[in-house]
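*Asks:* sequence-free structure coming up:
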């Protein structure tokens, strides 16, 4: 059985931290780091727990490691921030301290390289289940962070990428279906989500967005967060939503693209609002990611879905909420 | 059953964050905060998990909330840093989301006020056990952080307060003993540890210490961390160690002061090294806390305990290590 020190040493080897901005990294009581002189700090923390957020029999350790960090980093993308450092708390069963841990750290190291993050500290302990907690620190020019609270009536609502793909991937994995090449794409999106860092930073730098959030819990829930924080409502045009393309064979078993897109979680796309005037000049592809206008912010509270006949239907949050019993979508 | 949003709202009410340095606190994707222009950031993360670090039947929720934050903040004390902000990840069984949660947050709010910490963000989820993770952020003047790695041969080893009190408190609580007024003092030390923030900052400001750590795992283990990081050894004079005063009735049931002091964890005192010349002018009480010289740093690796007859006995780490089976001390 490895001691805590040996475990920390193995983590340290996987994450060499020699950046000039890190005065003290892994291995002391706390990390000591520097930031750009004028920047503000953007900080987020996110739990990733076995049997709540992932299943050990379904999600390979490499996926667990990658995804734990990607989810937390997506919160920085949703502010428009640049990622800098992260800290990892890891509680593990003894059976996971060798091969499983290596693969987990491998997946996390892949994510860290991809997002430009340096591991500067953490905490480890033995536990009956795998519990990871990620704290991610980034920076942004003063006053440029894009909050949830800035949406104004008349603003247009935009979304990046496609919605519902990760949820479809999750369904396939849970049912043990592969569904060919297309199926693999969806499973990949569920396993290895891509925080939209470059898009978020572009929007912050160009002061294009008035409010922003990432779709971790599903569009119906996450757009609701923007509306609540901004004190506004929204109308979403159903036909405009970039819904997941569900292969016919899966449609037949009841997987509905619109339900997946509205309530499916973990796409980690960005939902943001843009003043109408600005929307005209907004590129349709930003940092390689397609951006689609899907609706508008309204003075009246509540979110409605406008169907192809122009009828308004109320859209209620039905995405992921860990404290709500059951789950629709 | 409360939704996640309702839960976050309850946390927010307990921790009003209106400091000018907090641009965005609880409730957005991430927190946005400012620091003093020239300071470095000091960041630490620390898990506090039911059945690993505490027992729900033994530790009242107020204690769990207080202690979770105190433990993490002690890591900042051990660097000499000033606490600023913290983030809370909280996984909870449904049965803990009402009264238990209120008391937990009450204890944590007490700690936050006492240490000068502002809650700026977090994450909540439902889980079968209580899992808390605290990330604490502080600041320090550039280059002043006191690391584990700076101890040099000839430096004297100092310790604050008394050692073994918290471990004795834990034993009393676990055995259901109260042991009168004195017993209450020890239980209080175990329940409500005081991170030595003022002492740590004094040492950093006066550039008095070459290395420092907090006694979270016990002197034998924590002094070992300083020695390993600094590439040195240590001699500790047994008679000089400020050991816990064990009441006679408890000595009779086998509670040995020296063993408690050497290997007992969670005192959250500071162990630090001071150049010999500087030690002469070091006050015996700093920021209200007694400071005792207990040994010296040696060129030869390994730690030895020198008894009253001048004999050297090897002192092996036998404090708390979550990955080692069993536990002595």
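*Replies:* Here it is on my side, so go on. Just so it is clear, the structure is predicted and the values come from calculations on it, not from any experiment.
*Asks:* all strands for the stretch 101-250 of chain A, in order.
*Replies:* A:118-126, A:131-140, A:156-160, A:211-214, A:233-237 (DSSP state E, counting those that start in this stretch).
*Asks:* Among those strands, show the one with the smallest mean pLDDT.
*Replies:* If the strands of the stretch 101-250 of chain A are sorted by mean pLDDT, strand A:118-126 sits at the bottom with a mean of 94.
*Asks:* so it versus strand A:131-140, what angle?
*Replies:* 160 degrees (axes from the mean of the first three to the mean of the last three C-alpha atoms, to 10 degrees).
*Asks:* can you give me the helices in chain A?
*Replies:* Ranges of helices in chain A, per DSSP state H, are A:4-14, A:61-77, A:99-115, A:165-175, A:180-191, A:197-205, A:219-230, A:248-251, A:257-263, A:276-280.
*Asks:* Which strands and helices lie in contact with the first one?
*Replies:* Packing contacts for helix A:4-14, counted by 3 or more C-beta pairs under 8 Å, 6 or more residues apart in numbering or on different chains; DSSP states H and E, involve helix A:99-115, strand A:118-126. C-beta coordinates here come from the backbone N, C-alpha and C atoms, glycine included.
*Asks:* residues in contact with residue A:315?
*Replies:* A:220, A:236, A:262, A:303-305 (C-beta atoms under 8 Å, 6 or more residues apart in numbering or on different chains).
*Asks:* And the residues you listed, which two are furthest apart?
*Replies:* The largest separation in these, counting by C-beta to C-beta, is between A:262 and A:304 at 12.2 Å.
*Asks:* Looking only at neighbour counts, state which of the two leads.
*Replies:* residue A:262 (27 against 17; other C-beta atoms under 10 Å in any protein chain shown).
*Asks:* Where does pLDDT dip in the stretch 51-200 of chain A?
*Replies:* Applying pLDDT under 70 to the stretch 51-200 of chain A picks out no residues at all.
*Asks:* what does it have sitting close to chain B?
*Replies:* A:51-53, A:75-76, A:78-79, A:81, A:85, A:87-89, A:91, A:94, A:97, A:120-128, A:131, A:133, A:135-138, A:140, A:142-143, A:145, A:147-149 (C-beta under 8 Å from any C-beta of the partner chain).
*Asks:* at 7 Å instead, please
*Replies:* The stretch 51-200 of chain A has residues A:52, A:75-76, A:78-79, A:81, A:87, A:89, A:91, A:120-123, A:125-127, A:131, A:133, A:135, A:137, A:145, A:147-148 near chain B, with proximity defined as C-beta under 7 Å from any C-beta of the partner chain.
*Asks:* How about the contacts made by residue A:302?
*Replies:* Residue A:302 sits next to A:233, A:314 when contact means C-beta atoms under 7 Å, 6 or more residues apart in numbering or on different chains.
*Asks:* how about a cut-off of 8 Å?
*Replies:* Going by C-beta under 8 Å, 6+ apart, residue A:302 touches A:227, A:233, A:314.
*Asks:* Kindly supply the ChimeraX command isolating those of those residues that are buried.
*Replies:* A single ChimeraX command suffices to select whichever of these are buried according to 16 or more other C-beta atoms under 10 Å in any protein chain shown:
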select /A:227,233
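*Asks:* Could you single out the nearest of the contacts of residue A:302 to chain B?
*Replies:* residue A:227 (12.4 Å; C-beta to the nearest C-beta).
*Asks:* Looking at the stretch 201-329 of chain A, what residue ends up closest to chain B?
*Replies:* Counting by C-beta to the nearest C-beta, the stretch 201-329 of chain A gets nearest chain B through residue A:322, at 4.1 Å.
*Asks:* Can you get me a residue count around that residue?
*Replies:* 20.
*Asks:* so it sits right up against residue A:51, yeah?
*Replies:* No: the pair residue A:322 and residue A:51 fails to qualify as a contact (C-beta atoms under 8 Å) at a distance of 11.6 Å.
*Asks:* circling back: can you tell me which of the helices and strands packed on helix A:4-14 is most buried?
*Replies:* Most buried of the helices and strands packed on helix A:4-14 by mean neighbour count (mean count of other C-beta atoms under 10 Å in any protein chain shown) is strand A:118-126; its value is a mean of 24.
*Asks:* Now do that strand and helix A:4-14, the angle between them.
*Replies:* Put simply, strand A:118-126 runs at 150 degrees to helix A:4-14, going by the same axes, to 10 degrees.
*Asks:* any idea how far strand A:118-126 is from the chain center?
*Replies:* 21 Å (C-alpha atoms, centre = their mean, to the nearest Å).
*Asks:* Taking helix B:61-77 as reference, get the angle to it.
*Replies:* 140 degrees.
*Asks:* neighbouring contacts of strand A:118-126?
*Replies:* A:4, A:7-8, A:11, A:15, A:17, A:19, A:22, A:25-26, A:28, A:30-31, A:33, A:84-94, A:112, B:43-47, B:49, B:52-53, B:133, B:322-323.
*Asks:* Check stretch A:201-209 too.
*Replies:* Stretch A:201-209 is contacted from outside by A:77, A:79-82, A:140-141, A:144-146, A:150, A:158, A:212, A:270, A:272-274, A:278, A:282, A:286-287, using C-beta under 8 Å, 6+ apart.
*Asks:* Buried ones from those residues, can you make that a ChimeraX selection?
*Replies:* Buried members of those, defined by 16+ other C-beta under 10 Å, are picked up in ChimeraX with:
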select /A:77,79,80,81,82,140,144,145,146,150,158,212,270,272,273,274,282,286
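*Asks:* from memory residue A:34 sits against residue B:43, does it?
*Replies:* No: look at residue A:34 against residue B:43 with C-beta under 8 Å: they stay out of range, at 11.7 Å.
*Asks:* Looking at these two, which one has more neighbours?
*Replies:* Using other C-beta under 10 Å as the criterion, residue A:34 and residue B:43 rank with residue B:43 on top: 27 against 16.
*Asks:* got a list of what the more buried one touches?
*Replies:* A:30-31, A:33, A:85, A:87, A:120-121, A:135, A:137, B:135-138.
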